[in-house]
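A.B. asks: turn this into a structure:
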Amino acid sequence: MKKNKLRYLGFLGLLGLLGLVTGNYGFFGFFGFFGFFGAAFKNTDELLRKNINRAGLNGFVVATLGLVVSMVIITSLEALEAAALLIAITFVVSILTFTFSLHIYEK
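C.D. replies: Take a look at the predicted model:
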């Protein structure tokens with residue numbers, strides 16, 4: 001059996017340490033990626049790969065639609081200041097969609 005490559009997403013949790021160095025508390029959200037290290041103890045099988053693909057598709061669709069809506073809002077309001085916030089919200093929602101979809105598919 002192959003090792004689960006999903007565990008490598010856990011290394012994104014190290015970006016949360018930038019919050020301590022820079023004082024920007026927005027980086028603390030990256031600590032949530034440490035939860036993917038739990039996948040290190042699971043072996044990859046065909047069903048898990050299929051579920052990861054399905055959850056990844058859900059996350060991709062949400063990210064694409066979220067970015068389209070973000071671009072429309074930024075263009076219509078002509079507020080470039082809101083761009084970083086809207087893109088960050090889209091990123092968070094797409095990662096949460098992937099995580100919750102994978103959790104539901106695994107049950």
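A.B. asks: what about the strands in the protein?
C.D. replies: For the chain, strands defined by DSSP state E occupy the ranges 2-3, 43-44.
A.B. asks: who are the contact partners of residue 91?
C.D. replies: Contact analysis of residue 91 by C-beta atoms under 8 Å, 6 or more residues apart in numbering lists residue 63. Just so you know, the C-beta spots here come from the backbone N, C-alpha and C atoms, and that holds for glycine as well.
A.B. asks: this structure: helices as residue ranges?
C.D. replies: With DSSP state H as the criterion, the chain has helices at 17-22, 46-77, 81-106.
A.B. asks: other residues contacting the shortest one?
C.D. replies: Looking back up the chat, that one is helix 17-22. By C-beta under 8 Å, 6+ apart, helix 17-22 touches 24, 25, 26, 27, 28, 30.
A.B. asks: domains of this structure: list them as residue ranges, please.
C.D. replies: 1-44, 45-107 (automatic domain parsing).
A.B. asks: model confidence over the last one, on average?
C.D. replies: What that stands for is domain 45-107. The predicted model gives domain 45-107 an average pLDDT of 93.
A.B. asks: coming back round to it: nearest to residue 7, out of the helices of the chain?
C.D. replies: Residue 7 lies closest, by C-beta to C-beta, to one member of the helices of the chain: helix 46-77, at 11.9 Å.
A.B. asks: helix 81-106 and the closest one, what's the angle between them?
C.D. replies: 160 degrees (axes from the mean of the first three to the mean of the last three C-alpha atoms, to 10 degrees).
A.B. asks: many thanks, we can stop here.
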